[in-house]
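>>> Sequence and computational prediction follow.
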Amino acid sequence: MIRFENVTKVYEGQKRPALADVSLEIHKGEFVFLVGSSGSGKSTFLKLALRELRPSRGRVFVAGKELNRLSSWKVPKLRRQIGTVFQDFRLLPNKTVFENVAFALQVIGRPRSHIERVVPDVLALVGLDGKEDRMPDELSGGEQQRVAVARAFVNRPKILIADEPTGNLDPSTSVGIMKLLDRINRTGTTVIMATHDAKIVDQMRKRVIELEGGRLVRDQNRGVYGYQG
Ligand SMILES: Nc1ncnc2c1ncn2[C@@H]1O[C@H](COP(=O)(O)OP(=O)(O)OP(=O)(O)O)[C@@H](O)[C@H]1O
């Protein structure tokens with residue numbers, strides 16, 4: 001589903017690579033935690049997978065396509081296959097819960113009949129039924145993140161990328177979001193989540209990929225946050 005072949009990324013004006021010679025493969029349906037200290041290259045990795053950045057060297061493949069060879073007009077089609085969730089939710093503040101999720105479908109030209117059918121389903125899936133008409137500032141942080149997950153998943157993407165999705169949430173709210181991501185993963189969606197949340201990584205025992213100074217230093221099945229032997 002995602003393959004990095006000897007990928008190096010050096011930002012303009014920087015000497016040290018943010019990502020250095022990283023090779024790895026993530027298969028369909030996997031759940032992967034991306035860990036590493038601040039500045040280790042996690043966001044850079046995710047941005048390369050979204051083609052928000054291009055590698056300085058090496059090749060990135062997503063859903064069978066080499067991203068560097070993908071023409072710009074095909075990038076929106078690629079991004080449609082990848083849902084994204086961020087630490088800061090990124091909801092549209094002037095739209096209701098329903099409209100925030102519906103908007104993701106409007107921009108890709110889905111008809112109103114389809115939108116009116118699937119948005120309530122996905123809001124029920126994330127546990128927000130009854131809150132369709134609330135504005136984002138009338139929701140708790142955990143509820144706002146549920147809206148963001150609903151928006152990312154409403155189009156049933158092949159891949160869900162989550163960059164520190166629990167970074168602004170308290171531990172019990174975080175567990176709820178993780179249950180949701182786990183449920184989405186069980187539908188066959190590949191989930192890649194960058195996190196600093198050791199407790200969550202240790203509880204879930206999924207594949208753990210660790211970066212350090214841009215290098216891949218660990219790739220462990222059923223892993224934990226901090227490596228022990
Ligand atoms: N646009 C940029 N221009 C120059 N350097 C950058 C840019 N973005 C990131 N970097 C550098 O690249 C390295 C990797 O950053 P990245 O954001 O990928 O790390 P991260 O692991 O996601 O960190 P965090 O956990 O703090 O989000 C860091 O040294 C950072 O300073």
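Ah, there it is. Residues are numbered from 1 along each chain as shown.
>>> Report the contact partners of the residue nearest the centre of the chain.
Nearest to the geometric centre of the chain sits residue 161, at 1.4 Å (C-alpha atoms, centre = their mean). If you count contacts by C-beta atoms under 8 Å, 6 or more residues apart in numbering, residue 161 has them with 46, 49-50, 82-85, 192-193. Where you see a C-beta, it was placed from the backbone N, CA and C, and this is true even at glycine.
>>> can you tell me how far it sits from residue 121?
Taking C-beta to C-beta, to the nearest Å as the measure, residue 161 falls 22 Å from residue 121.
>>> thinking again about what came up before, which stretch of helix or strand covers the residue nearest to the centre of the chain?
strand 159-163 (DSSP states H and E).
>>> Mind listing what's buried along stretch 93-111?
96-105, 110 (16 or more other C-beta atoms under 10 Å).
>>> Out of those residues, which sit inside helices?
97-105 (DSSP state H).
>>> For residue 34, state which of those residues is nearest.
The shortest approach to residue 34 among these belongs to residue 104, at 23.8 Å (C-beta to C-beta).
>>> Flag every buried residue along stretch 78-91.
78-79, 82-87, 89, 91.
>>> what's the answer for stretch 194-208, then?
Neighbour-count burial for stretch 194-208 flags 194-197, 200-201, 204, 206-208 (criterion: 16+ other C-beta under 10 Å).
>>> Can you give me the end-to-end span of that stretch?
End-to-end span of stretch 194-208 (C-alpha to C-alpha, to the nearest Å): 10 Å.
>>> How far does it sit from its chain's centre?
Relative to its chain's centre, stretch 194-208 lies at 14 Å (C-alpha atoms, centre = their mean, to the nearest Å).
>>> Name the surrounding residues that touch it.
Here stretch 194-208 makes contact (C-beta under 8 Å, 6+ apart) with 30-35, 38, 42-43, 45-46, 162-167, 171, 174-175, 178, 182, 218-226.
>>> In helices, which of those appear?
Reading helices off the contacts of stretch 194-208 with DSSP H, I get 42-43, 45-46, 171, 174-175, 178, 182.
>>> Extract the C-alpha trace of the helix or strand hosting residue 23 and format it as PDB.
Element membership of residue 23, judged by DSSP H and E, is strand 19-26. These are the backbone C-alpha positions of strand 19-26, laid out as PDB (Å, rounded to 0.1, in the frame of the first residue of the first chain):
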ATOM      1  CA  LEU A  19      14.700  11.700   6.500                       C
ATOM      2  CA  ALA A  20      17.700   9.700   5.600                       C
ATOM      3  CA  ASP A  21      17.700   6.600   3.400                       C
ATOM      4  CA  VAL A  22      14.400   5.200   4.700                       C
ATOM      5  CA  SER A  23      13.200   2.000   3.100                       C
ATOM      6  CA  LEU A  24      10.000   0.200   4.300                       C
ATOM      7  CA  GLU A  25       6.700  -1.200   3.200                       C
ATOM      8  CA  ILE A  26       3.300  -0.900   4.800                       C
END
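>>> other SSEs contacting it?
Judged by 3 or more C-beta pairs under 8 Å, 6 or more residues apart in numbering; DSSP states H and E, strand 19-26 is in contact with strand 2-9, helix 42-49, strand 57-62, strand 207-212, strand 215-220.
>>> Show me which parts of it are buried, residue by residue.
By neighbour count on 16+ other C-beta under 10 Å, the buried set for strand 19-26 is 19-20, 22, 26.
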